[in-house]
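Student: Fold the stuff below for me.
(2 chains)
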Amino acid sequence: MTASLRAAPFLLLGDARRRELIKRASACVDRWRREWMGARSTMELREIDGSQLVKEWRDAICFVSGGREEDRLPANTYAFPGTSQASQQAPLALLMPVRGLPGMGYLDNERSLAGRLLSEALQALADELLSGAGARKAALERSAAPTDQLIRELSGQRYIGLRAINTDGRPVLALLFAPATVGALLPSPATSHGAERIERRVAAAGMQMVEIDAVLGHADVSVPDIASLAVGDVLVLNESLSELGQIVIRGGGVIAAAAPGRVDAKCAVQIKVERRKG
Amino acid sequence: MSSKVVSAIEMPVLSSGGGEKGAVLGERLDLVEHVKVRMSVMLGGAEIPLGKLFSLASGDVVTLDRDVDAPVDIRLHDKLIARGQIVAVGDKFGVRITEILAG
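Tutor: Just a heads-up that it's a prediction; the model follows:
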């Protein structure tokens, strides 16, 4: 499978969110580094695009986090337009040079003490990063696929690459974040200081008219009953008189539960429970 | 124990047409009597600005485009199939059919 390498994975993030992502990921990496590598070691995270990743990390050892269904981030956490479902599958991928991590040796044998230490360290980093994204811990597995092929696939699915380098400029690790993980790591636009700008944008479209429908209820009817439906028949709905109806956007989803009523000679509904999400 | 010969089966290539015309089920609706479909009873609709939609809050009242004494729409998969009057059937909502729409 060949996937195109897009050199601008941050295209839809904007500079501010891009800096915020690096800041948040750096904080996670920094906590992990202090615990596993000691205070003397320093690291800096920088953005890296797909082409560079392939060029620099094609020989690296790749670990992918969250192969199990229950480890996946919710599909609706955040997704760029056009993001495939496949990109939701692994919240995170880590690339490690074959020489291993500074001061921790090689991964020549995963069963050796050094190998287990390295695996444990990488798992701790994945946990730290995913915990920052509010996701459950996920098992980190060494990928059997050729690293360059994996990088191409993940880049094609808009995974976002960050490279951790030492003070001497040597790459230590590369992190590949799924779009959903990026969304979870970044503050929601509604709670950040960017909310005002978003509100202004919505306000600009505020006069656009939207059609909504008020649904009183539903009746589940058999096909023969529908065929024999006649004037005078009474359909009994599933809903009791005390139950609320729904307000739906025409062609869209439910936005609120509402009680039916009237305003002068017109039918009306009163919103009882808002449903902002979902 | 007798031995049996096991051999591969080649499935025939099928193409539409060629047989006698006529629906297999015909009018046998009893065969699908267990199949339920969901009908929705629409109280009415409204057109509101996007800005107002985003500011809707609990307690807000939305006036609909239907008169109180006008029949409500009964839809089947977004298709209007009948109209009727809202009634109470015990403790449930009900709709007395007043009009069946053709097609």
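Student: neighbours of residue 90, just the number please.
Tutor: Just going to use chain A. Around A:Ala90 sit 27 other residues, with neighbours defined as other CB atoms under 10 Å in any protein chain shown. For the C-beta atoms, the positions are set from N, CA and C on the backbone; glycine is no exception.
Student: right idea, wrong chain: chain B
Tutor: What B:Gly90 shows, counting by other CB under 10 Å, is a neighbour count of 8.
Student: ok, now A:Ala145?
Tutor: The local packing count at A:Ala145 equals 11, with neighbours defined by other CB under 10 Å.
Student: from memory it sits against A:Cys62, does it?
Tutor: Yes: proximity of A:Ala145 to A:Cys62 meets the contact threshold set by CB atoms under 8 Å, at 7.5 Å.
Student: mind listing the helices in chain A by residue range?
Tutor: When secondary structure is read from DSSP state H, chain A shows helices at A:14-37, A:50-57, A:113-132, A:147-156, A:179-185, A:195-204, A:223-227.
Student: partners of A:Arg46 in the sheet?
Tutor: A:Arg163 (DSSP bridges).
Student: Surely it and A:Asn166 touch.
Tutor: No: no contact is recorded between A:Arg46 and A:Asn166 when judged using CB under 8 Å, the distance being 11.9 Å.
Student: For A:Phe177, give me its contacts.
Tutor: Neighbouring residues of A:Phe177 by CB atoms under 8 Å, 6 or more residues apart in numbering or on different chains: A:21, A:25, A:91-92, A:129, A:159-162, A:185.
Student: which residues are contacting the helix or strand of chain B with the lowest mean pLDDT?
Tutor: The helix or strand of chain B with the lowest confidence, counting by mean pLDDT, DSSP states H and E, is helix B:50-55 at a mean of 81. The set of residues that contact helix B:50-55 without belonging to it, under CB under 8 Å, 6+ apart, is A:202-203, A:205-210, A:212, A:249, A:255.
Student: Select only the buried ones of the residues you listed in PyMOL?
Tutor: Selecting only the buried members of the contacts of helix B:50-55 in PyMOL, with burial defined as 16 or more other CB atoms under 10 Å in any protein chain shown, works like this:
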select buried, chain A and resi 206+210+212+255
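Student: Next, count neighbours for the residue in chain B that chain A sits nearest to.
Tutor: Evaluated by CB to the nearest CB, chain B has B:Gly51 as its residue closest to chain A, separated by 2.7 Å. For B:Gly51, the tally of surrounding residues (other CB under 10 Å) stands at 15.
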